[in-house]
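*Asks:* got a sequence here, can you model it:
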Amino acid sequence: MSALVADAVGASPSPAPTRMPLSSHLREARTRAFRAVVALLVGVVAGYLLSNQILEIVRAPITALAESRDASLNYDSITGAFDLKLKIALFAGVALSSPVWLYELFAFLAPGLNTREKKYTFGFVAASVPLFVGGCLMGFLVFPHMVELLASFASTEDSTLLQASYYVDFILKIVLATGVAFVLPVFLVMLNLLGVVPAGAIARSWRITVVAIVLFSAIVTPAADVLSMFLIAVPMTVLFLVALLIAWLHDRREHRRAAATLAATEG
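*Replies:* Down below sits the predicted model:
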């Protein structure tokens, strides 16, 4: 693990990037792209082997609906079931192999970055991956409530026949949207560390941010019991407050450093 970190962050603390000939860049790009593709293929194979289990999780709300009405998951073509398994395998492969291809991408870009940029970028990747995974898992927890609520608008005398590809796309959008939402506080911290957004601006917008979080949670989780909404809103609010605290500590340290530099110059 230490070798991977040293490769990504760089062993030398010098801010001046080492120049490489174009042929070396191309060879390195080919090598790292090959590793990323191999990891992706392994992830796709694993996703295909797990596709039946994933489909069982996805089909669970439909099975629950079938107890009170005629409800089923349908395919609109002969190859529909196979195409759906391939789609699930592809998305699962991208997710499972994300640590590898993110590392390879960062390791390829790292030689062109200075020490400070490497530190910020590595921290951004290290924080974003678990937050994105956690957000996606949260999306998986709440999507059955959405299906239950949206299907409840139809009469129990009606049939709920869902096209499989559309249904899976709908769930994937929910899961990805929740995952991206959990990563947004990391962008705030990144912008603050780069000097683009000060902590004061983040603090002044807290009311708008909280309202936006509640609205997003209500849209993503339109469940009647409101519990699912809080399962999304509370972690996002906590992440926003943590991002604000990190930005405030960073700005405070920078102000102290600037004041010390100014005092040393005047002295």
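*Asks:* pLDDT weak spots in the chain?
*Replies:* 1-22, 112-113, 221-225, 267 (pLDDT under 70).
*Asks:* ranges for the helices of the protein?
*Replies:* Counting by DSSP state H, the chain has helices at residues 2-9, 22-49, 51-65, 80-96, 98-109, 115-151, 164-193, 199-204, 206-220, 227-266.
*Asks:* for the fourth one, which positions count as buried?
*Replies:* The reference is to helix 80-96. Within helix 80-96, the residues scored as buried using 16 or more other CB atoms under 10 Å are 84-85, 87-89, 91-93, 95-96. Every C-beta, even on glycine, is put in place using the N, C-alpha and C of the backbone.
*Asks:* got the angle for it vs helix 164-193?
*Replies:* Here helix 80-96 runs at an angle of 20 degrees relative to helix 164-193 (axes from the mean of the first three to the mean of the last three CA atoms, to 10 degrees).
*Asks:* name the helices or strands packed onto helix 80-96?
*Replies:* Helices and strands touching helix 80-96, by 3 or more CB pairs under 8 Å, 6 or more residues apart in numbering; DSSP states H and E, are helix 22-49, helix 51-65, helix 164-193.
*Asks:* what do you get for the third one?
*Replies:* Based on contacts counted as 3+ CB pairs under 8 Å, 6+ apart, the elements that helix 51-65 packs against are strand 71-74, helix 80-96, helix 115-151, strand 160-163, helix 164-193.
*Asks:* of all these, which lies closest to A64?
*Replies:* helix 115-151 (7.1 Å; CB to CB).
*Asks:* out of the helices and strands packed on helix 51-65, flag the one nearest P61.
*Replies:* It's helix 115-151; of the helices and strands packed on helix 51-65, that one is closest to P61 (CB to CB) at 3.9 Å.
*Asks:* buried residues in the closest one?
*Replies:* The neighbour-count check on helix 115-151 (16+ other CB under 10 Å) flags 118, 121-122, 124-125, 128, 131-132, 134-136, 138-140, 142-147, 151 as buried.
*Asks:* can you give me how far it is from the chain middle?
*Replies:* 4 Å (CA atoms, centre = their mean, to the nearest Å).
*Asks:* give the contact list for the spatially most central residue of the chain.
*Replies:* In the chain, the centroid-proximal residue (CA atoms, centre = their mean) is F132; its distance is 2.8 Å. Taking CB atoms under 8 Å, 6 or more residues apart in numbering, we find F132 in contact with 98, 179-180, 182-183.
*Asks:* burial count for S72?
*Replies:* By the criterion of other CB atoms under 10 Å, S72 has 14 neighbours.
*Asks:* enumerate every residue touching it.
*Replies:* 62, 66, 160-162.
*Asks:* got a quick PyMOL command for the buried subset of these?
*Replies:* A single PyMOL command is used to select the members of the contacts of S72 judged buried by 16+ other CB under 10 Å:
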select buried, resi 62+160+162
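*Asks:* want to throw the contacts of S72 into a markdown table with distance to A201?
*Replies:* What follows is the contacts of S72, written out as a markdown table (distance: CB to CB, whole Å):
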| residue | distance to A201 |
| --- | --- |
| I62 | 46 |
| A66 | 51 |
| T160 | 47 |
| L161 | 50 |
| L162 | 45 |
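*Asks:* of the contacts of S72, which is the nearest to T79?
*Replies:* Nearest to T79 out of the contacts of S72 is L162 (CB to CB; 18.1 Å).
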